[in-house]
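[1] sequence and predicted structure are below.
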Amino acid sequence: MTPVNTIEGKAIPFGRANVDTDVIIPAKWLKTISRQGLGRGAFETVRAEPGNVFDDPDYAGAPILIAGENFGCGSSREHAAWALANLGIRAVIAPSYSDIFSGNAFKNGILAVELPRAAIDRLMDVAKTDPISIDLEHQTVTTRFQDRFTFEIDPFRKHCLLEGLDEVGLTLAMEPRIAAFEKQQASWLSPAA
């Protein structure tokens with residue numbers, strides 16, 4: 001997993017509330033076990049709407065998505081996080097998330113920032129013209145207009161994101177301790193000399 005520290009750039013001012021995982025990635029895209037290519041199906045129903053922000057060239061390659069309350073509600077499909085990552089999204093800023101989506105985002109290296117509605121409204125306005133910066137180390141979201149919003153994050157999740165540690169990476173980091181345990185266990189199981 002790629003470490004997350006600072007994420008800067010354009011932000012997609014989506015802002016809708018109660019966006020479920022079926023909106024993020026429709027069920028017809030779930031016939032794969034690969035993460036590749038899911039960005040093409042991300043927000044497919046929204047992209048069918050004229051003038052949608054996802055097809056606006058001003059937001060092409062934006063690493064940040066600004067959403068409304070209860071983002072990622074609905075089913076537990078991890079494909080939603082895969083689709084966002086494949087779309088290039090490295091962080092989502094919203095007032096609240098579904099617990100399952102928040103967990104899936106974290107496991108896939110996507111920072112889920114929770115901010116109050118007033119901060120979201122301000123960032124929606126800024127995103128229309130200017131970049132936004134997220135600093136995970138200092139837990140802040142800032143703009144060039146001196147806006148500064150702080151956010152909370154679970155310390156374990158923060159550590160894992162900063163270090164780029166997914167579940168496999170966490171296990172590999174314990175390799176010396178695992179090897180020592182296996183060596184000790186082998187001595188217990190060896191016949192007495």
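    Nice, thanks for sending it over. Numbering: from 1, shown residues only.
[2] which stretches in the protein count as helices?
    21-24, 44-47, 79-87, 99-107, 117-127, 155-163, 167-173, 175-189 (DSSP state H).
[3] got the contact list for the spatially most central residue of the chain?
    Of all residues in the chain, the one closest to the mean position by C-alpha atoms, centre = their mean is Ile110, 2.0 Å from it. Neighbour list for Ile110: Ala81, Leu84, Ala85, Ile89, Arg90, Ala91, Val92 [criterion: C-beta atoms under 8 Å, 6 or more residues apart in numbering]. For glycine as for every other residue, the C-beta is placed from the backbone atoms N, C-alpha and C.
[4] now it. Its backbone dihedrals?
    phi -100, psi 130 (degrees, to the nearest 10).
[5] gap between it and Phe101?
    10 Å (C-beta to C-beta, to the nearest Å).
[6] shared neighbours of these two, anything?
    What both Ile110 and Phe101 touch, as defined by C-beta under 8 Å, 6+ apart, is the set Ala81.
[7] which residue, neighbours along the chain excluded, lies closest to Ile100?
    Nearest non-adjacent residue to Ile100, counting by C-beta to C-beta, 6 or more residues apart in numbering: Ser76, 4.5 Å away.
[8] what's the one you found sitting at in phi/psi?
    phi -90, psi 20.
[9] how close does it sit to Asp130?
    35 Å.
[10] try Pro63
    14 Å.
[11] of the two, who's got more company?
    The neighbour comparison of Pro63 against Asp130 (other C-beta atoms under 10 Å) goes to Pro63, with 19 against 12.
[12] isn't that one right up against Ile7?
    Yes - the pair Pro63 / Ile7 is scored as a contact, 5.4 Å apart, by C-beta atoms under 8 Å.
[13] what touches both of those two?
    Arg90, Ala91.
[14] any idea how far Met124 lies from Arg40?
    Taking C-beta to C-beta, one finds Met124 at 26 Å from Arg40.
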